[in-house]
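A.B. asks: Take a look and give me a structure for this.
(chains A, B, C and D)
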There are 2 protein chains.
Amino acid sequence: MRLDARNWPHTAMGGNLANHDAKVRVLIEHSDAIVNAGLAALLGAESDMQLAQPQLTQADVIILDHKGALEHMRQRANAPHHNEAPPRVLIVTQLEREWEVRTAMMAGVHGYLLQSCAADQLPAAVRALSRGLRYLSADLSRCVADSFTRVGLTNRETDVLQLLAQGQCNKSIARELGIGVGTVKTHVKGLFDKLGATARTHAVVLATRRGLVGDGVIDL
Amino acid sequence: MRLDARNWPHTAMGGNLANHDAKVRVLIEHSDAIVNAGLAALLGAESDMQLAQPQLTQADVIILDHKGALEHMRQRANAPHHNEAPPRVLIVTQLEREWEVRTAMMAGVHGYLLQSCAADQLPAAVRALSRGLRYLSADLSRCVADSFTRVGLTNRETDVLQLLAQGQCNKSIARELGIGVGTVKTHVKGLFDKLGATARTHAVVLATRRGLVGDGVIDL
DNA sequence: CGTTCGCTCACTCTTTTGGGGTAGGTGCGC
DNA sequence: GCGCACCTACCCCAAAAGAGTGAGCGAACG
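C.D. replies: You can find the predicted model right below:
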């Protein structure tokens, strides 16, 4: 679980090659139709790339949105192993939430781009992935590197944090978790220390920003 | 300030026409290169539309991201009046935050689409705007209608809320606003009543979910 | 002119929080 | 076995928060 920031460099690091001479077969499966069209337009103009049809051909690189990518990796993990190497996964999304980037990287995704990236980063990322490299835009890599300074919350502290982030008071948290109020206070105190918070409200804010809160603070 | 949900219907309502026979001149100025390319690809395929070059021609419809659109409307408000009718503004974005939609609509934007919309909604929206209508996808309309049940926070309550959402205690909020702690308590209580919160932590969560917090809870 | 509303403040009183410290039990790895 | 991290629980005590009430002041509105 402990990752080393040096493993996720900006430009890339070595890997096993594939399709050295042939065109890079790219499969675009982003959930947003507009983004899909944009990716196709931008990549279709590249002479060394070839847009693949879904399920027709085996692609070298597959482009997905964040959610789709996680789903894809989940299915891949559960599926029987193929002979052929699975396509590299590149996520293109609009949001920049470090914990999502980290989650994706831990799930085995090879690249992560923001929609707001420069137009030339897209083909660069695809080429990097096709050569077995990873690609993370500079801002994202900084962002992820920062996140490695993450606090190590214990299970119970995480439990308490989730309820805390719902605005519950110690008493109701204790009731919910089936423990004593004093114990809740202990965990809350632990959260303060690890998050650098001075009050529970502050802790919720900090935890939310660091992506430690699992619920829908961001969803409407 | 009080808006009536009936003014923002899903499909549209009347308006003054423009360019009845000619092609619709569309100017695409989205900040994301990928989205830009996607919009161009999708709209370029429509026979009744014509993609305009920036500043070269006067467009009928201009497509922007949320931020760009607000900036555009701000400049338009400050600029001297032109003889020709200004282009209709269509926002295309990924996020669905009702308060942003409402803000945009109040700023005079005519259409709001999500990137995740069906591909045929895009040309439909452009055509609607070119005919002087408004266009809001069904989910967004519902979303905005819901938001009209919004609590009416006073200026001071909003001030307090912002600081509250940063995790500050009453004393520091009072210091920052130059008022007494007792007054802060009054406003905090007002927030509780209007938000339906039971505690300050709870209030922060609720306010964040309703998009009342302006700061960077969403930004990393 | 009276009313309403927002902003301000003060005062009780109870509950909650937060900062200390202490300590027993459990599981895990060296 | 022993240390170590974790979960649990309790103590005291000061500070803060929250509930309730009252009240002065200025601007807006009918």
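
A.B. asks: any idea how far residue A:34 lies from residue A:109?
C.D. replies: Distance check for residue A:34 against residue A:109: by C-beta to C-beta, to the nearest Å, it reads 22 Å. For the C-beta atoms, the positions are set from N, CA and C on the backbone; glycine is no exception.

A.B. asks: which one of those two has more residues nearby?
C.D. replies: Each of residue A:34 and residue A:109 has its neighbours counted (other C-beta atoms under 10 Å in any protein chain shown); residue A:34 has more, 29 against 23.

A.B. asks: quick check, the more buried one in a helix?
C.D. replies: Yes. Applying DSSP: H, G, I helix; E, B strand; the rest coil, one finds residue A:34 inside a helix.

A.B. asks: Kindly state the pLDDT recorded for it?
C.D. replies: Residue A:34 carries a pLDDT value of 89.

A.B. asks: what's in contact with the top helix by length along chain A?
C.D. replies: Taking DSSP state H as the criterion, chain A has its longest helix at helix A:181-195. Here helix A:181-195 makes contact (C-beta atoms under 8 Å, 6 or more residues apart in numbering or on different chains) with A:151-154, A:156-157, A:159-161, A:164, A:170-171, A:173-174, A:177, A:197-200, A:203, A:206-207, A:210.

A.B. asks: 6 Å instead, please
C.D. replies: A:151, A:156, A:157, A:160, A:161, A:170, A:171, A:173, A:174, A:203, A:206 (C-beta atoms under 6 Å, 6 or more residues apart in numbering or on different chains).

A.B. asks: Report the helix or strand with the lowest average pLDDT across chain A.
C.D. replies: Using mean pLDDT, DSSP states H and E, helix A:138-147 stands out as the lowest-scoring helix or strand of chain A, at a mean of 56.

A.B. asks: Check what contacts whatever helix or strand comes next after that helix and list those residues.
C.D. replies: Where DSSP states H and E defines the elements, the next helix or strand beyond helix A:138-147 is helix A:155-164. Helix A:155-164 has contacts (C-beta under 6 Å, 6+ apart) with A:173, A:176, A:177, A:187, A:190, A:191, A:200, A:207.

A.B. asks: who in chain A is up against DNA strand D?
C.D. replies: Within chain A, the positions near DNA strand D by C-beta under 7 Å from any atom of the strand are A:152, A:154-157, A:177, A:179-183, A:185-187, A:199.

A.B. asks: Buried ones in stretch A:163-180, by neighbour count?
C.D. replies: For stretch A:163-180, the neighbour count (16 or more other C-beta atoms under 10 Å in any protein chain shown) marks A:163, A:164, A:165, A:166, A:167, A:168, A:169, A:170, A:172, A:173, A:174, A:179 as buried.

A.B. asks: Dump these to TSV, plus secondary structure and pLDDT.
C.D. replies: Shown next, in TSV, are these (DSSP: H, G, I helix; E, B strand; the rest coil; pLDDT from 0 to 100):
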residue	secondary structure	pLDDT
A:163	helix	90
A:164	helix	91
A:165	coil	86
A:166	coil	85
A:167	coil	87
A:168	coil	91
A:169	coil	93
A:170	helix	94
A:172	helix	92
A:173	helix	92
A:174	helix	93
A:179	coil	93
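
A.B. asks: For DNA strand C, tell me which of the residues you listed show up nearby.
C.D. replies: A:169, A:170.

A.B. asks: Where do the strands of chain A begin and end?
C.D. replies: A:24-28, A:49-51, A:61-64, A:88-93, A:111-114, A:135-136 (DSSP state E).

A.B. asks: where among the ones you listed is the average confidence lowest?
C.D. replies: strand A:135-136 (a mean of 76).

A.B. asks: what's next to that strand, contact-wise?
C.D. replies: Under C-beta under 6 Å, 6+ apart, the answer for strand A:135-136 is A:8, A:111, A:112, A:125, A:128.

A.B. asks: Run a quick neighbour tally on residue A:92.
C.D. replies: By the criterion of other C-beta under 10 Å, residue A:92 has 26 neighbours.

A.B. asks: ok, it touching residue A:111?
C.D. replies: No. Taking contacts as C-beta atoms under 6 Å, residue A:92 lies outside contact range of residue A:111: 8.7 Å.
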